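J.: Sharing a model that was predicted from the sequence below.
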Amino acid sequence: MTEPKPIIIWFRKDFRLADHKALCEASRSGRPIIPVVVLDEVTETFGAAPKWRLAQAIEHFNDRLKAVGSRLILRRGTFADELLALAQETGAGDIWWTRAYDPDAIMRDTKVKSSLKEAGIGAESWPGHLLFEPWAVTTKQGGFFKVYSPMWRAVKDLDVAPPDPAPLRLMAPQKWPDSDRLSGWALDKSMDRGAKVLARHANVGESAAHARLANFLSGSIGAYKERRDYPAQNATSRLSENLAWGEIGPRTVWHAGLHAHLEGQRGAEHFLKELVWREFSYHLAFHTPEITHKNWRSEWDAFPWSDHEDEEVLRWKQGRTGVPLVDAAMREMYVTGHMHNRGRMIVGSYLTKHMLKHWRIGQKWFEECLIDWDPAANAMGWQWVAGSGPDAAPYFRIFNPETQAQKFDAEQTYIQRFVAERAPDPGPEALAFFDACPRAWGLSPDDPYPTPIVGLAEGRQRALAAYEAR
Ligand code: FAD
């Protein structure tokens, strides 16, 4: 009897078995499955931390696949060429993948789909990265949402299908095709000595993601709404890292949050609202792809933000602005690959308002350093902070980092955790920054803490004057 034609599942940012529609349907079909990851030139341009984190995701996912009788095939080259070659080599009849919605991915996937179809290979994309397809949710007039709150109201009572369980076994092909070695891809190369530091903070893989969710549900969700703004408290889920790499599916997280809400957990509804901010970011990236690289509101094009990566920008990146809360947050990101949401808002406001630098500089640096880097959430977050985005914080609302510190880090716990020069007896995370950052920066924990780049009152005045004059 001839073997049915295999299905190739092309994995990109969906490194999980459960809540994976394409994989689940492929497994139900009874056909052999060949899981593949292709490293193309776009992926090669990912920032240092996301690239390193991708390698971790791939390694763990390969182990997960082995446990169900499968394995991950690695290929390097242009997506369409590599997938086509693999299909021809293995006799696969179809290539399936989980849909992506950011503009680069859409362009690439459209090309891949048409090349595969031309070659007579079935090409199908499946939902899974989001709760709601961006075109399936519309305003009453049939348009897309430019403001978050009405989108929340429109989706909060919609049915979300329960997540598919993980297949217990995946049928292997008669012969496995050749695969690259992950180490040969050297995805950790640009991390240099920072990789060791980051590895202590990453929470890699599907099992770790589920454990993180369970931990959040049994611990922090009740007080989530009250405590989520305090960066020193471990009060948020930290699931952004796993959602970014698809190590947990959004439906799984949604249903867990909904269950907690129905059980009367106080913070659960607010948690669901945050998940819808993630949906909103993809809704915007899909309907207005320019959000990832241009001012969403073109009236900001003439604003005198500087694009120049000067000494001040370097100090911002190094967490040496002389403003303790800004510096703590910048170093949190460098050491852990994550930055608390309040930190992201404060460092963003400081860069685009007090320092008058373009939000794209910040967007790019986050893209370099975050292990939860997400093209849609990052773009929306930066344009929200800068004031140029839809439903954004008004530009004239300028965060005062000192007042923010008094309110959200009154004991300076967060500042001292990350800024060695501000701590009487610096702890491991504050010191780790000096192990992680490039030697060329020449920084030492014994350096004096720098004086501010710009006085808070002066920076605020300058930003408001630029706003008035625009
Ligand atoms: P929780 O508080 O536990 O929230 C649960 C989930 O909801 C998160 O995991 C995330 O998926 C989603 N979520 C929460 N807040 C937001 C938000 N404001 N926008 C979109 N989704 C949200 N998030 C990223 O995942 N990747 C990024 O690259 C990113 N860049 C950002 C840049 C800026 C300038 C700003 C202001 C925000 C950015 N965010 C980004 C959003 C937010 O800061 C993080 O999602 C959040 O801090 C993640 O921590 P958590 O998982 O503990 O969140």
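T.: All right, it came through fine. Because the structure is predicted, anything quoted here is derived from the model rather than measured.
J.: can we go C-alpha only for contacts and neighbour counts from here?
T.: OK.
J.: and the longest strand for this protein?
T.: Ranked by residue count, the top strand of the chain under DSSP state E comes out as strand 33-39.
J.: What is that one packed up against?
T.: Counting contacts by 3 or more Cα pairs under 8 Å, 6 or more residues apart in numbering; DSSP states H and E, strand 33-39 packs against strand 7-10, strand 73-76, helix 79-90.
J.: In the helix or strand just after that strand, which residues are buried?
T.: Proceeding N to C from strand 33-39, the next assigned helix or strand is helix 41-44, under DSSP states H and E. Buried residues in helix 41-44, counting neighbours by 16 or more other Cα atoms under 10 Å, are absent.
J.: who's in contact with helix 41-44?
T.: Applying Cα atoms under 8 Å, 6 or more residues apart in numbering, the set of residues contacting helix 41-44 from outside is Lys51, Gly77, Thr78.
J.: Let me know the closest of these to Phe434.
T.: Among the contacts of helix 41-44, Lys51 lies closest to Phe434 (Cα to Cα), at 21.4 Å.
J.: sec struct for the closest one, please.
T.: helix (DSSP: H, G, I helix; E, B strand; the rest coil).
J.: CA-only coordinates of stretch 11-23 in PDB, if you can.
T.: Taking Å, rounded to 0.1, in the frame of the first residue of the first chain, the C-alpha atoms of stretch 11-23 are listed here in PDB:
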ATOM      1  CA  PHE A  11       6.300  26.600  11.900                       C
ATOM      2  CA  ARG A  12       7.200  30.300  12.300                       C
ATOM      3  CA  LYS A  13       6.000  31.700  15.700                       C
ATOM      4  CA  ASP A  14       3.700  28.900  16.800                       C
ATOM      5  CA  PHE A  15       6.000  26.500  18.600                       C
ATOM      6  CA  ARG A  16       3.400  24.400  20.400                       C
ATOM      7  CA  LEU A  17       1.300  21.200  20.000                       C
ATOM      8  CA  ALA A  18      -1.800  22.300  21.800                       C
ATOM      9  CA  ASP A  19      -4.200  24.900  20.500                       C
ATOM     10  CA  HIS A  20      -2.600  24.500  17.100                       C
ATOM     11  CA  LYS A  21      -5.300  24.300  14.500                       C
ATOM     12  CA  ALA A  22      -3.200  23.400  11.500                       C
ATOM     13  CA  LEU A  23      -1.300  20.600  13.400                       C
END
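J.: re the thing from before, a markdown table for the helices and strands packed on strand 33-39, including distance to His210 and mean pLDDT?
T.: Output for these, formatted as a markdown table (distance: least, Cα to Cα, whole Å; pLDDT from 0 to 100):
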| stretch | distance to His210 | mean pLDDT |
| --- | --- | --- |
| strand 7-10 | 23 | 98 |
| strand 73-76 | 25 | 98 |
| helix 79-90 | 30 | 96 |
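J.: Looking at those, which one is packed in the most?
T.: Ranked by mean neighbour count under mean count of other Cα atoms under 10 Å, the helices and strands packed on strand 33-39 are led by strand 7-10, which reaches a mean of 25.
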